[in-house]
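In: Test case, fold it:
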Amino acid sequence: MKTITISTENSETYSSISNFFIDYYMTDANGEFVKVYLYLIRLLNSKQQISVAEIADHFNLTEKDICRAIKYWVTKDALRLTFDGKGQPTGIVVLPLKAPEMELSTESDAFSLLRSDDTSAHVEKADTAERSEKPSNKIVPITTPAMELSAPQKPKFTQKDIDKLLRDQDWEDILYQVETLFEKPISQSDTQSLMYIYDTLGFSVDLFEYLIEYCTTMKKKNCRYLEATAIGWYQDGIQTKAQAKEQYALMSGVCRVFYKTLGIKRGAPTTIEQEFFKTWTKDYGFGEDIVEEACKRAVLHTQNPTIKYVNGILTAWHNAGVTDFSGIKQEDLAHAETARNQKASATTKKSGNAFTNFTQSSMSSELDEMEQLFHKEVNGQ
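Out: Predicted structure coming up:
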């Protein structure tokens, strides 16, 4: 075959990618990890700040998926995290890349190596201890949650692995359901995701079929979302269809009251919203009634209530040990008492307006505090 030349007539902007990344780093990396790295390079060139949640939304993945990708590139010495004095992550440094072991310094050297017959004998993974730790001034400011790495790494399945599964009737049933409900043929990339869920994560047929139905209900008919959801379930300890249905019922109820109370019209929750709903239900143990009360207070106290504002209220209740409405009432009384005591001890000028001496209601006092908590959360204080 004759050689070809690749050119372009486009005039849009471009991001510069190291050939070392293409030649060596990219070959062994998960496809999602590669996409996250490339996107970080894109953000680096644009000089814009970003959060993990926004990256997750861009790729239709979970925040844990993004954290997993960042952690992977940190272990490969392609990225380095920076932290403030309190140990909180503040940015990502893009590190210079190196060819394995031979430390080739030019593109031509690297390309010549790739074209040689004995490439495989020379190209090995570099020891991370030998990588450069020289800091770079290239930093992408980013907001990152705690990184959880509990799910097994996704292997690269061979054609032999795929052929072996084709003799499994359960596997055949799963493929049929995916093609039927997602209404499109299964690609090679899809097959890798499905095998990861079935073979590596060990989902039973019942759980796998419910996972497919769940993603279809959420109007997310793609295997990337399917895999991301499966990893989330795995990390949450969900092993049966009954457990998955219980979590879905709880989260869908919370989603319904949240949308209804805040007047949001959307078919399905975003990835970020799902993370909040999971925190409220799984971590805090709140049901629909408590979440609805928090939403009502957010609507009453601010013109444009957001999910972070509602989260501020629920987090404060959780930290105070609230589990039901009686606990909320006690918190209201405590805040009202605190407000009265502060007012009594304060030395202020008397106003001719009688309304200035009116003691605020327990709800207003609490929501004032919630607003402060919200601003702290948004501003990262």
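
In: need the helix or strand of the protein with the lowest average pLDDT.
Out: helix 119-122 (a mean of 36; mean pLDDT, DSSP states H and E).

In: Who are the packing partners of the helix or strand that contains Gln342?
Out: Per DSSP states H and E, Gln342 falls inside helix 325-345. Where contact means 3 or more Cβ pairs under 8 Å, 6 or more residues apart in numbering; DSSP states H and E, helix 325-345 is packed against helix 288-301, helix 307-319, helix 362-379. For the C-beta atoms, the positions are set from N, CA and C on the backbone; glycine is no exception.

In: Which one of those has the poorest average confidence?
Out: Here these differ in mean pLDDT, and the lowest is helix 362-379 at a mean of 50.

In: So which residues of the stretch 101-250 of the chain form strands?
Out: Secondary structure of the stretch 101-250 of the chain by DSSP state E, counting those that start in this stretch: the strands cover 139-143.

In: Poorly predicted segments of it, please.
Out: 101-150 (pLDDT under 70).

In: show me what contacts Phe277?
Out: Residues counted as contacts of Phe277 (Cβ atoms under 8 Å, 6 or more residues apart in numbering) are 251, 254-255, 258, 269.

In: Tell me the pLDDT of the most centrally placed residue in the chain.
Out: Central residue of the chain (Cα atoms, centre = their mean): Glu63, 0.9 Å from the mean position. On the pLDDT scale, Glu63 is placed at 81.

In: Also the one 10 residues further on?
Out: The pLDDT attached to Trp73 in the predicted structure is 89.

In: what about it, which helix or strand?
Out: Trp73 belongs to helix 63-75 when assigned by DSSP H and E.

In: Which SSE is immediately downstream of that helix?
Out: strand 79-83.

In: Now do the helix or strand just after that next one against helix 63-75, angle only.
Out: Elements were assigned by DSSP H and E; along the chain past strand 79-83, the next helix or strand is strand 89-94. Relative orientation of strand 89-94 and helix 63-75, computed by axes from the mean of the first three to the mean of the last three Cα atoms, to 10 degrees: 50 degrees.

In: for strand 89-94, packing partners?
Out: Looks like strand 89-94 contacts helix 31-46, strand 79-83, strand 139-143 (3+ Cβ pairs under 8 Å, 6+ apart).

In: The helix holding Gln342: how far from the chain's middle?
Out: 37 Å (Cα atoms, centre = their mean, to the nearest Å).

In: Average pLDDT for it, rounded please.
Out: The model assigns helix 325-345 a mean pLDDT of 84.

In: quick check: angle from it to helix 288-301?
Out: Using the same axes, to 10 degrees: helix 325-345 against helix 288-301 is 30 degrees.

In: Confirm for me that Asp77 is in contact with Leu95.
Out: Yes - with contact defined as Cβ atoms under 8 Å, Asp77 counts as touching Leu95 (5.9 Å).

In: Let's have the contacts of Phe277 in JSON lines, adding neighbour count, distance to Thr240 and pLDDT.
Out: Listed next are the contacts of Phe277 as JSON lines, based on neighbours: other Cβ atoms under 10 Å; distance: Cβ to Cβ, whole Å; pLDDT from 0 to 100:
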{"residue": "Met251", "neighbour count": "19", "distance to Thr240": "17", "pLDDT": "79"}
{"residue": "Val254", "neighbour count": "24", "distance to Thr240": "21", "pLDDT": "88"}
{"residue": "Cys255", "neighbour count": "22", "distance to Thr240": "22", "pLDDT": "87"}
{"residue": "Phe258", "neighbour count": "23", "distance to Thr240": "27", "pLDDT": "91"}
{"residue": "Pro269", "neighbour count": "20", "distance to Thr240": "23", "pLDDT": "78"}
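
In: Can you tell me which of the residues you listed is nearest Ser326?
Out: Using Cβ to Cβ, Val254 comes nearest to Ser326 of the contacts of Phe277, at 20.5 Å.

In: count of residues packed around Leu38?
Out: Per other Cβ atoms under 10 Å, the neighbour tally for Leu38 reads 14.

In: hang on, the earlier thing: any idea which of the helices and strands packed on strand 89-94 gets closest to Glu179?
Out: Among the helices and strands packed on strand 89-94, the nearest to Glu179 by Cβ to Cβ is helix 31-46 (21.0 Å).

In: Any idea how far the closest one is from the middle of the chain?
Out: Relative to its chain's centre, helix 31-46 lies at 15 Å (Cα atoms, centre = their mean).

In: Show residues contacting that helix.
Out: By Cβ under 8 Å, 6+ apart, the residues outside helix 31-46 that reach it are 13, 15-17, 21, 25-26, 29, 50, 55, 58-59, 61, 65-66, 68-70, 72-73, 78-79, 92, 94, 138, 140, 189, 224.

In: Any quick PyMOL command for the buried ones out of those?
Out: Those of the contacts of helix 31-46 that count as buried under 16 or more other Cβ atoms under 10 Å are selected in PyMOL with:
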select buried, resi 21+25+26+29+50+55+59+61+65+66+68+69+70+72+73+78+79+92+94+140+224
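
In: returning to that earlier point: and the helix holding Trp73, what does it pack against?
Out: Against helix 63-75 (3+ Cβ pairs under 8 Å, 6+ apart) you get helix 31-46, helix 52-59, strand 79-83, helix 223-235, helix 271-278.

In: Format the CA atom coordinates belonging to it as CSV.
Out: Output of helix 63-75 as CSV, limited to C-alpha atoms (Å, rounded to 0.1, in the frame of the first residue of the first chain):
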residue,chain,number,x,y,z
GLU,A,63,-17.6,11.8,39.2
LYS,A,64,-15.9,8.6,40.5
ASP,A,65,-15.1,7.6,37.0
ILE,A,66,-13.3,11.0,36.5
CYS,A,67,-11.5,10.6,39.8
ARG,A,68,-10.4,7.1,38.8
ALA,A,69,-9.0,8.4,35.5
ILE,A,70,-7.1,11.3,37.2
LYS,A,71,-5.7,8.8,39.8
TYR,A,72,-4.6,6.5,37.0
TRP,A,73,-2.6,9.3,35.2
VAL,A,74,-1.1,10.4,38.6
THR,A,75,0.2,6.8,39.1
